[in-house]
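In: here's my sequence, what's the structure:
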Amino acid sequence: MKRTFNLSAGPAMLPTSVLERAQKELLDYNGTGMSVMEMSHRSSYYDEIINDAEKNLRKLVNIPDNYRILFLQGGASQAFFTLVMNLKQSGKVAYVDSGNFAHKAIQAAEELEKDLNLDVDVVASSRNNGYKNIPEFPETLKNYDYLHICSNNTIEGTQFKEFPKYDDIPLVCDMSSDILSRPINIEDFGMIYAGAQKNLGIAGLTLVIIREDLLGLNEVPTMFNYKVFSDKNSMYNTPSTYSIYIHKLVTDWLLEIGGLETIETRNKEKAAILYDYLDQSKLFVPTADKDSRSLMNVTFSTNDDDLNKKFVEYAQENGFENIKGHRSVGGMRASIYNAFPKDGVEALVELMKKFEEEN
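Out: Numbering: from 1, shown residues only. Below is the predicted model:
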């Protein structure tokens, strides 16, 4: 069976062992005679799956009891709106504009300004630098309901190495593209949210980890109300059952290989192989500033549109899919999330060296 090296920014590669286990259990999960796809979410069988998914996550990230885990739908793009609705208090909110999706979160809050009587402040930005770096944070910040950041900027290939901390201001973080890629201190955050299709599993699931004191602050329509879903253990309505099952398998895999310390070591090794080559290449140029480079999404270019196109085609002919950069920035992007293998990065570098010699 042929498996390509899939460099897609999302949906992304899954661990082979996860796919094999899902295949094995597709028709008959754990002797039930049913697929998880056709199983009642109210059954004892499914209770075990969703409860194990939460237990795995708490163990991996060391999540204390005063944080709730919500398995939702709608993607991070829906969360751009629902987090504002749930967390607003005074109406003054702060955002860091570090990339395309961070900017979309700001635009979502601005759409709600009139209806929710919001004051949306951008307190740090690298937009004028083409999002090539993580911006510097202000020394002091006061009287905001929350500070919102995007920890990893998928399109531009930048990543927060350290997180801002301000007294009495909850940090809200879109971690869609680097969650579970490294250890974090969960208590530095008021809320984390993430689409699943990069490091958590497959599309259809949106994860929210939220501190209990941030629940129930506002009257929010039921289907967007985090407290409602917290009170119902994510079961107010039918959740994305199969996506949660795959997430459970992915977290099983992470625990089996040694947890977030192990995966961080692997991710650093993979990224170093590619960045070390890019730093000495005479053809390919990394596009993110060195101190802001992402371990998940490596962006680069030849600075020649025709050569970029030629390399994308060359890579596809040699078993590398989805290396073309986002249409807004061009060039190339190698998304090397948790499941992308080290030998795939090594093979990509060899392919780039060969292309460079020929061009």
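
In: can you show me the strands along the stretch 151-300 of the chain?
Out: Ranges of strands within the stretch 151-300 of the chain are 152-153, 158-159, 171-174, 191-195, 206-211, 285-286, 297-301, based on DSSP state E, counting those that start in this stretch.

In: let me have these in TSV, adding mean pLDDT and distance to Asn100 as columns.
Out: From N, CA and C alone the C-beta is placed, and that goes for glycine too. Below are those laid out as TSV (pLDDT from 0 to 100; distance: least, C-beta to C-beta, whole Å):
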stretch	mean pLDDT	distance to Asn100
strand 152-153	98	7
strand 158-159	98	11
strand 171-174	98	11
strand 191-195	98	14
strand 206-211	98	18
strand 285-286	96	18
strand 297-301	98	12
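
In: can you give the distance of stretch 271-287 from its chain's centre?
Out: Offset of stretch 271-287 from its chain centre (C-alpha atoms, centre = their mean, to the nearest Å): 24 Å.

In: for it, buried residues please.
Out: 271, 273-275, 277-278, 281, 283-284, 286-287 (16 or more other C-beta atoms under 10 Å).

In: tell me the domain ranges of this protein?
Out: 27-257, 258-358 (automatic domain parsing).

In: which one of those domains lies nearest to Met13?
Out: Checking the domains of the chain against Met13 by C-beta to C-beta gives domain 258-358 as the closest, at 4.4 Å.

In: the helix of greatest length in the chain vs strand 297-301, what angle?
Out: If each helix of the chain is counted by residues according to DSSP state H, the longest one is helix 260-280. Angle between the axes of helix 260-280 and strand 297-301 is 10 degrees (criterion: axes from the mean of the first three to the mean of the last three C-alpha atoms, to 10 degrees).

In: name the residues that touch helix 260-280?
Out: Defining contact as C-beta atoms under 8 Å, 6 or more residues apart in numbering, one finds that helix 260-280 is touched by 60-61, 180-183, 254, 257, 284-286, 293-296, 298, 300, 334, 336, 338, 340, 342, 345-346, 348-349, 352-353.

In: can you rerun that using 6 Å?
Out: Applying C-beta atoms under 6 Å, 6 or more residues apart in numbering, the external contacts of helix 260-280 come out as 60, 181-183, 284, 286, 295, 298, 300, 336, 338, 342, 345, 349.

In: in helices, which of those residues appear?
Out: Short answer: those in helices (DSSP H) are 60, 342, 345, 349.

In: neighbours of Thr4, how many?
Out: Neighbour count for Thr4, taken as other C-beta atoms under 10 Å: 13.

In: what does Pro239 give?
Out: 22.

In: rewinding a little: ok, the ones in helices among the contacts of helix 260-280 vs Met34, which is closest?
Out: Nearest to Met34, judged by C-beta to C-beta, of the ones in helices among the contacts of helix 260-280 is Leu60 at 27.9 Å.

In: for Ala124, give me its contacts.
Out: Contacts of Ala124 (C-beta under 6 Å, 6+ apart): 96, 135, 137.

In: per-residue pLDDT of the second one, please?
Out: What that stands for is Pro135. For Pro135, the model assigns a pLDDT of 97.

In: what residues are up against it?
Out: 124-126.

In: next, format those as a markdown table and append secondary structure, pLDDT and distance to Leu200.
Out: Below are those laid out as a markdown table (DSSP: H, G, I helix; E, B strand; the rest coil; pLDDT from 0 to 100; distance: C-beta to C-beta, whole Å):
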| residue | secondary structure | pLDDT | distance to Leu200 |
| --- | --- | --- | --- |
| Ala124 | strand | 97 | 27 |
| Ser125 | strand | 97 | 28 |
| Ser126 | coil | 96 | 26 |
